[in-house]
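**Student:** Starting from these lines, generate the structure:
(one chain, ligands or ions: 1)
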Amino acid sequence: MSSQELHSPKPATSRFVTMVSWISALAGLLFGYDTGVISGAILFVQKDFSLSRVQEEVVVAAVLLGAVIGASFGGKLADRFGRRRVLIQVGILFIIGAIGTALAPSPTWLAGGRVIVGIAIGIASFTAPLYISEVSPAAIRGKLVSLNQLMITIGIVVSYLADYGLADARAWRWMFGLAAIPALVLVIGLIFVPESPRWLMSRSQNALARTVLQRIRETTDVGTELAEIEADLQLQEGGWRELLNVSMRRPLIVGIGLAIFQQFTGINTVLYYAPTIFQFAGLRSASAAILATVGVGIVMVLLTIVALRLIDRVGRRPLLLYGIFGMILSLGVLGFSFLSPTLSNIVAWVAMISLPVYVACFAISLGPVFWLLISEIYPLKIRGRAMSIATVTNWGSNLLVALTFLSLLHSLGRAWTFWLYGLIGILAWIFVYRLVPETKGCTLEEIDARWHNIGQSEK
Ligand code: BGC
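**Tutor:** Sure, this is the predicted structure:
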């Protein structure tokens, strides 16, 4: 048996920790739903409020802006007040945002409400993976943390379906308001969830940490794990000093780099643009194109489930390398199919197939693995803050891609826009190949010790 297996045996039972992870992953459902819902709702909001183009853009971008703001201060809160407490506050913010936007009497109010929802998304997007990572046994951590990404994809599909189902009634207020239901379930569920034992240890609440760990591991035999966390804490200074330490350089580059590549390879523009691509490729009616987009969403959900099954077995790196390779190829093919001014039958098919293939490849790679890795590679005392940095970069990149997409289409044309994302994919592949570590099966403390050793040898 390898030393890794000795350190991280498969738990006898993981029922409680799995339940706790599902509850936290409801934050992911809200992330997916609230980012996806706008695509259908905006058509009716635009008409009801007679929005100008600029106003419409502000309402659409408000959530991304809010997410950048939320992610920028959320990490400090999670390190200071605890993961669970912050998630509960975020759940309440989701409820306020959902009701606020549903009742919005004016466009300004609506944009404000969407910024609040965005702030909640920005904080939740990394606090949920952070919490799950800290309660999970090493052997199944990849699967449990990625439940959050699974819920994001489910949230996106549910939002498409809600938009579709409520479109005839033009009920945009309900589209926004429905999010209050999962948000309420999240808050209630979190009442029964314990605080992260690792965070408790970092606040010197060792006795409570032991009780929680025994509850989560469903055994009294938690001495070794507690001792390892304690030993790891001794190595850490905490605060900005640690964040700026030379041993943190590589993990910060990895987090920031993956955040940029997750967005700049174009996932959200492909999702957003999918109905138009399908129409262009021959599905003439709008509703057929929207249904095809729901199909793409379902492919994304299914392939995320495949990723969950593989991530602790084959590891994070192979998923990233194979998935990004597939994204590059499918973007290349998609670009080619746009070169012909009218799509012949065969080219139309190629376009319609390369789109779900691209989404599938994202779903097994950059989708789940980015959020997972940033929840694993930072030391406990500064984990929240460091994840914050990667997450701000992610939401900032998301916003930038959204703001530049239309002008890229205008100046480069469709083929080159998607080829540009493909070229960025090539950089992403090289980046992963050279810099991203494998974390499969290692405890969080083992991962931290690795950086620490690198830091020592570079001094
Ligand atoms: C990304 C989002 C994206 C979603 C799609 C997430 O991991 O951060 O930007 O919309 O995956 O599933």
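
**Student:** Just the closest residue of the stretch 301-450 of the chain to the ligand, please.
**Tutor:** Gly367 (4.6 Å; Cβ to the nearest ligand atom). All C-beta spots, glycine's among them, are computed from the backbone N, C-alpha and C.

**Student:** what helix or strand is that residue on?
**Tutor:** helix 366-374 (DSSP states H and E).

**Student:** Give me the mean pLDDT for that helix.
**Tutor:** What helix 366-374 shows for mean pLDDT is 98.

**Student:** residues near Leu372, how many?
**Tutor:** 26 (other Cβ atoms under 10 Å).

**Student:** dump the residue contacts of the closest residue to it other than its chain neighbours.
**Tutor:** Leaving aside its chain neighbours, Leu372 sits nearest to Val145 (4.7 Å; criterion: Cβ to Cβ, 6 or more residues apart in numbering). For Val145, the contact set (Cβ atoms under 8 Å, 6 or more residues apart in numbering) comprises Ser21, Pro129, Ile132, Ser133, Ser136, Pro368, Trp371, Leu372, Ser375, Glu376.

**Student:** what's the helix or strand for Val145?
**Tutor:** Assigned by DSSP H and E, Val145 falls in helix 141-167.

**Student:** I'd like the average pLDDT over that helix.
**Tutor:** The model assigns helix 141-167 a mean pLDDT of 96.

**Student:** can that helix be found next to the ligand?
**Tutor:** Yes - between helix 141-167 and the ligand, judged by Cβ under 6 Å from any ligand atom, the touching residues are Gln149, Ile152, Thr153, Ile156.

**Student:** buried stuff in that helix?
**Tutor:** Going by neighbour count (16 or more other Cβ atoms under 10 Å), the buried part of helix 141-167 is 141-163, 166-167.

**Student:** do the same with stretch 33-44
**Tutor:** Tyr33, Asp34, Thr35, Gly36, Val37, Ile38, Ser39, Gly40, Ala41, Ile42, Phe44.

**Student:** Also stretch 404-415?
**Tutor:** For stretch 404-415, using 16+ other Cβ under 10 Å, the buried residues are Phe405, Leu408, Arg414, Ala415.

**Student:** could those residues be laid out in JSON lines, adding secondary structure and pLDDT?
**Tutor:** JSON lines is the format used below for the buried residues of stretch 404-415 (DSSP: H, G, I helix; E, B strand; the rest coil; pLDDT from 0 to 100):
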{"residue": "Phe405", "secondary structure": "helix", "pLDDT": "92"}
{"residue": "Leu408", "secondary structure": "helix", "pLDDT": "93"}
{"residue": "Arg414", "secondary structure": "helix", "pLDDT": "89"}
{"residue": "Ala415", "secondary structure": "helix", "pLDDT": "92"}
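
**Student:** TSV for the residues you listed, including distance to Ser340?
**Tutor:** Formatted as TSV, the buried residues of stretch 404-415 follow (distance: Cβ to Cβ, whole Å):
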residue	distance to Ser340
Phe405	22
Leu408	20
Arg414	11
Ala415	10
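
**Student:** Show me which residues of the stretch 201-350 of the chain are close to the ligand?
**Tutor:** Counting by Cβ under 6 Å from any ligand atom, the stretch 201-350 of the chain sits next to the ligand at Gln262, Ile267, Asn268, Met300.

**Student:** I'd guessed the third one sits against Asn398; true?
**Tutor:** Spelled out, that is Asn268. Yes - the criterion here is Cβ atoms under 8 Å, and Asn268 meets it with Asn398 at 6.2 Å.

**Student:** higher neighbour count, those two?
**Tutor:** Asn398 (21 against 17).

**Student:** I'd assumed Gly396 was in contact with Gln262.
**Tutor:** No - contact criterion Cβ under 8 Å: Gln262 and Gly396 do not qualify, at 11.9 Å.

**Student:** more neighbours, those two?
**Tutor:** For the pair Gln262 and Gly396, the greater number of neighbours falls to Gln262 (23 against 19), based on other Cβ under 10 Å.

**Student:** can you give me how far stretch 44-55 is from the chain middle?
**Tutor:** Centroid separation for stretch 44-55 versus its chain: 29 Å, with Cα atoms, centre = their mean, to the nearest Å.

**Student:** again, but for stretch 340-357
**Tutor:** On Cα atoms, centre = their mean, the centre of stretch 340-357 falls 29 Å from the chain's centre.

**Student:** With just CA atoms, put that stretch into PDB.
**Tutor:** Output in PDB follows, covering the C-alpha atoms of stretch 340-357 (Å, rounded to 0.1, in the frame of the first residue of the first chain):
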ATOM      1  CA  SER A 340     -19.000  29.000 -45.500                       C
ATOM      2  CA  PRO A 341     -21.600  31.800 -45.900                       C
ATOM      3  CA  THR A 342     -24.500  29.300 -46.100                       C
ATOM      4  CA  LEU A 343     -24.300  26.000 -44.300                       C
ATOM      5  CA  SER A 344     -24.800  23.000 -46.500                       C
ATOM      6  CA  ASN A 345     -26.400  20.000 -44.800                       C
ATOM      7  CA  ILE A 346     -23.200  18.400 -43.800                       C
ATOM      8  CA  VAL A 347     -21.500  21.500 -42.500                       C
ATOM      9  CA  ALA A 348     -24.600  22.300 -40.500                       C
ATOM     10  CA  TRP A 349     -24.400  18.900 -38.900                       C
ATOM     11  CA  VAL A 350     -20.800  19.400 -38.100                       C
ATOM     12  CA  ALA A 351     -21.600  22.800 -36.400                       C
ATOM     13  CA  MET A 352     -24.500  21.300 -34.400                       C
ATOM     14  CA  ILE A 353     -22.300  18.400 -33.200                       C
ATOM     15  CA  SER A 354     -19.200  20.300 -32.400                       C
ATOM     16  CA  LEU A 355     -21.100  22.600 -30.000                       C
ATOM     17  CA  PRO A 356     -22.200  19.900 -27.600                       C
ATOM     18  CA  VAL A 357     -18.800  18.200 -27.900                       C
END
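
**Student:** Alright, that wraps it up for me.
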